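Student: No letters, just coordinates:
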């Protein structure tokens, strides 16, 4: 009986190890070839409509703009290696490694690539996953979702509407009132702290 248990433990450990190796290899391969994969709207020349917000989180209104397009070299010059891997090549930062995971100060979260307003601190919550999580974007018009079938599962990838930057994924296990969890990468976001004066005039949500 002990031998059977021991063999089961060894087999189970080997299986988990093999799966971890498989996912690791798949991530490396996906990252290696990601530069050759066009983003879903990369060939669409039409402008997009996004909602503009000032740094205090106040809504300015809709604006029609051309999509932000840059070469790989231009993105690499603008971004850190990790931000480039995540935002432009659909990579993922390690859980609990991002500096915005435990950031709960009042403020605005903008796209690291184009400064498009994406999330407000009022919708941020502690999901316990190790990634910054929000129950809604600051404006539905500022992001878009599409199917992601990597890692052997179907997920909803979330990207910036203005520049197609990969931000993370959205899941249906979030809190009310939306029941959604926008699981984002810290390195794809830029946090703008809200001053005390701005916080005092910020409308409640």
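Tutor: Great, that's in hand. If you're wondering where the values come from, they're calculated on a predicted model, not measured in any experiment.
Student: those helices in the chain, which residues are they?
Tutor: 2-33, 72-78, 81-83, 196-201 (DSSP state H).
Student: Identify the residues contacting residue 105.
Tutor: 121, 193, 194 (C-beta atoms under 8 Å, 6 or more residues apart in numbering). (Each C-beta comes from the backbone N, C-alpha and C, glycine too.)
Student: what does the domain assignment say about the protein?
Tutor: The record assigns the chain these domain ranges, following automatic domain parsing: 1-33, 44-201.
Student: Export those domains to a markdown table and append columns for mean pLDDT.
Tutor: Shown next, in a markdown table, are the domains of the chain (pLDDT from 0 to 100):
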| stretch | mean pLDDT |
| --- | --- |
| domain 1-33 | 41 |
| domain 44-201 | 92 |
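Student: out of these, deepest packed?
Tutor: For the domains of the chain, ranked by mean neighbour count under the definition mean count of other C-beta atoms under 10 Å, the leader is domain 44-201 at a mean of 17.
Student: now, which of the contacts of residue 105 sits nearest residue 165?
Tutor: residue 121 (19.9 Å; C-beta to C-beta).
Student: That closest one contacts residue 100, doesn't it?
Tutor: No. Here residue 121 lies out of contact with residue 100, judged by C-beta atoms under 8 Å, at a distance of 10.3 Å.
Student: shared neighbours of the two, which are they?
Tutor: Common neighbours of residue 121 and residue 100 (C-beta under 8 Å, 6+ apart) are residue 109.
Student: And residue 135, how far from residue 179?
Tutor: For residue 135, the distance to residue 179 equals 8 Å [C-beta to C-beta, to the nearest Å].
Student: show me the contacts for the closest residue in space to residue 116 that isn't next to it in sequence.
Tutor: Leaving aside its sequence neighbours, residue 116 sits nearest to residue 162 (C-beta to C-beta, 6 or more residues apart in numbering; 4.2 Å). Shown in contact with residue 162 (C-beta under 8 Å, 6+ apart): 48, 50, 65, 67, 68, 111, 114, 116, 142.
Student: Phi first, then psi, for residue 162.
Tutor: phi -80, psi -30 (degrees, to the nearest 10).
Student: thought residue 116 was touching residue 161?
Tutor: Yes. Using C-beta under 8 Å, residue 116 is in contact with residue 161, at 6.8 Å.
Student: Determine the residues that are contacts of both of these two.
Tutor: 50, 142.
Student: Residue 74 and residue 190, how far apart?
Tutor: Between residue 74 and residue 190 the computed distance is 18 Å (C-beta to C-beta).
Student: Brilliant, that's me finished.
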